[in-house]
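Asks: I need the structure of the sequence given here:
(one chain, ligands or ions: 1)
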Amino acid sequence: MNHRPRKRFGQNFLRDQHVLDRIVAAADLQADDRIMEIGPGLGALTGRLLATGLPVLAVEIDRDLGAALQARTEQNLVVRIGDVLRLDWTELLQDPPYKLIANLPYNISSQILFKVLDHRHAFQRLVLMFQKEVGDRLVATEGTRDYGILSVLMQTWFRIERVVKVPPGAFFPPPKVDSVVLCLEPLPEPRLVLNDEPLFRKLVRGAFAQRRKTLRNSLLGSGWPAEQIDPAFAEAGIDPGRRGETLQIEEFGALANQLSCCRREG
Ligand code: SAM
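Replies: Numbers count the residues shown, from 1 in each chain. Below is the predicted model of the structure:
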């Protein structure tokens with residue numbers, strides 16, 4: 001297909017066969033798996049996935065590429081043309097669980113991860129290509145520069161491993177950044193038992209909203225009232241003068257649970 005890559009859709013097409021091999025191997029595909037691919041593009045990865053005979057649901061925003069994929073003859077391919085961030089994932093993900101395998105459009109990879117979190121029970125494994133910096137954030141631990149919202153939220157529910165580093169030359173056109181493939185597997189037991197998951201997410205966002213400030217000031221700046229957070233800090237045994245990036249995931253969980261019970265009582 002003669003297609004001029006569209007920058008606005010983050011189109012960097014993978015052409016390195018070794019990287020494709022590594023992605024498919026990391027997916028550890030089994031006979032009854034179902035696959036979701038976001039951004040099949042010209043179909044380099046899609047072709048590999050279809051060759052397994054497993055059902056593949058591919059979501060592509062680019063109408064031209066989507067139409068070319070729809071013209072393919074494989075019976076195990078379903079193509080949905082549209083913006084994956086706007087489509088209804090509950091309707092898309094019929095008969096879960098799915099393995100999500102994708103070379104993601106980098107400009108929306110964080111938003112896709114938040115969607116994944118909203119629908120995490122529908123996934124049994126994710127093998128995803130990220131811009132290296134985003135990959136670093138996903139695997140970062142507390143006290144490091146890369147540790148942030150994505151690290152805490154994703155590591156609460158997923159075990160995350162690096163599969164392979166990918167240089168720009170693996171793509172056409174080459175992106176300006178290095179890339180990395182990660183494998184994310186749902187933890188058999190979540191790291192936290194949370195009373196109120198939306199509150200936990202809001203807390204984590206607030207804690208990293210102003211990274212240079214103390215945790216207390218960052219939360220105040222994000223609209224958390226002092227009369228709610230101060231008793232929660234005390235009950236959870238967390239020094240409000242610390243910075244958000246020093247908190248372990250378990251400490252975020254303890255603080256969130258204290259906040260949820262203070263709120264219930266208040
Ligand atoms: N999978 C192909 C490959 O590896 O060669 C293409 C990967 S390319 C980095 C990202 C793909 O995602 C492009 O095909 C692009 O059109 C598509 N895309 C970008 N934004 C999208 C969105 N919001 N919803 C669905 N697909 C999107």
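Asks: What residues of stretch 37-53 count as buried?
Replies: Buried residues in stretch 37-53, counted by 16 or more other CB atoms under 10 Å: 37-46, 48-50, 52. (C-beta placed from N, C-alpha, C; glycine too.)
Asks: Including distance to residue 60 and pLDDT, could those go into JSON lines?
Replies: Output for the buried residues of stretch 37-53, formatted as JSON lines (distance: CB to CB, whole Å; pLDDT from 0 to 100):
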{"residue": "37", "distance to residue 60": "9", "pLDDT": "98"}
{"residue": "38", "distance to residue 60": "8", "pLDDT": "98"}
{"residue": "39", "distance to residue 60": "6", "pLDDT": "98"}
{"residue": "40", "distance to residue 60": "5", "pLDDT": "98"}
{"residue": "41", "distance to residue 60": "7", "pLDDT": "98"}
{"residue": "42", "distance to residue 60": "10", "pLDDT": "97"}
{"residue": "43", "distance to residue 60": "9", "pLDDT": "97"}
{"residue": "44", "distance to residue 60": "13", "pLDDT": "97"}
{"residue": "45", "distance to residue 60": "12", "pLDDT": "98"}
{"residue": "46", "distance to residue 60": "9", "pLDDT": "98"}
{"residue": "48", "distance to residue 60": "16", "pLDDT": "98"}
{"residue": "49", "distance to residue 60": "14", "pLDDT": "98"}
{"residue": "50", "distance to residue 60": "14", "pLDDT": "98"}
{"residue": "52", "distance to residue 60": "19", "pLDDT": "97"}
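Asks: and the closest residue to residue 148 other than its chain neighbours, how many neighbours does it have?
Replies: Leaving aside its chain neighbours, residue 148 sits nearest to residue 208 (5.2 Å; criterion: CB to CB, 6 or more residues apart in numbering). Using other CB atoms under 10 Å, residue 208 is surrounded by 21 other residues.
Asks: cool, residue 202 as well?
Replies: Per other CB under 10 Å, the neighbour tally for residue 202 reads 17.
Asks: Could you measure from it over to residue 114?
Replies: 13 Å (CB to CB, to the nearest Å).
Asks: Then residue 255?
Replies: Applying CB to CB, the value for residue 255 to residue 114 is 21 Å.
Asks: quick one: which of these two has more around it?
Replies: A count of neighbours by other CB under 10 Å puts residue 255 above the other of residue 255 and residue 114, at 25 against 14.
Asks: circling back to that earlier point, report the entries of the buried residues of stretch 37-53 that also contact the ligand.
Replies: 38-42, 44-45 (CB under 6 Å from any ligand atom).
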